[in-house]
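J.: Show me the folded form of this:
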Amino acid sequence: MPRPHKWRKVCGLPESDSFGPQTDSLRSKKTIVMSVEEYETIRLIDVEGLNQEACAKQMDVARTTVQKIYNDARKKVGETLVYGYKLKIEGGKYQLCEGVEALAGCGRCRRRRHGNKESLL
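T.: Down below sits the predicted model:
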């Protein structure tokens, strides 16, 4: 019997959920889907400058889990840049950070998004 899936804590949702080339080439018709958890690891490690251990603590998962999520996310970002694919950020098994309102944002950023957990799960 498999272990129950653990929800990953996410404190920052993307401002835009689609990225890709401005031209309409054959390659740009392929879309790569990145989960919200993968986006969160890129945000925490590459933008916020956290190491994998601190990222794992913030997301409430094991460091090895963060390492796998981060590697998958970087591969997807690399493919979109190298091959000119579209990137779509959606889905995943996550819950937003706790708060009066489920507030997404790192606290240091000016950009924030408000919403409730139930509407985003």
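J.: what about the helices in the chain?
T.: 36-42, 52-59, 63-83, 117-120 (DSSP state H).
J.: Out of those, which one sits most buried?
T.: helix 36-42 (a mean of 24; mean count of other CB atoms under 10 Å). Any C-beta I mention is one placed from the backbone N, CA and C, and that applies to glycine too.
J.: just checking, what packs against that one?
T.: Applying 3 or more CB pairs under 8 Å, 6 or more residues apart in numbering; DSSP states H and E, we find helix 36-42 packed against strand 8-10, helix 52-59, helix 63-83, strand 86-89, strand 94-96.
J.: JSON lines for those, including distance to D17 and mean pLDDT?
T.: JSON lines is the format used below for those (distance: least, CB to CB, whole Å; pLDDT from 0 to 100):
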{"stretch": "strand 8-10", "distance to D17": "13", "mean pLDDT": "86"}
{"stretch": "helix 52-59", "distance to D17": "19", "mean pLDDT": "94"}
{"stretch": "helix 63-83", "distance to D17": "13", "mean pLDDT": "95"}
{"stretch": "strand 86-89", "distance to D17": "5", "mean pLDDT": "93"}
{"stretch": "strand 94-96", "distance to D17": "14", "mean pLDDT": "83"}
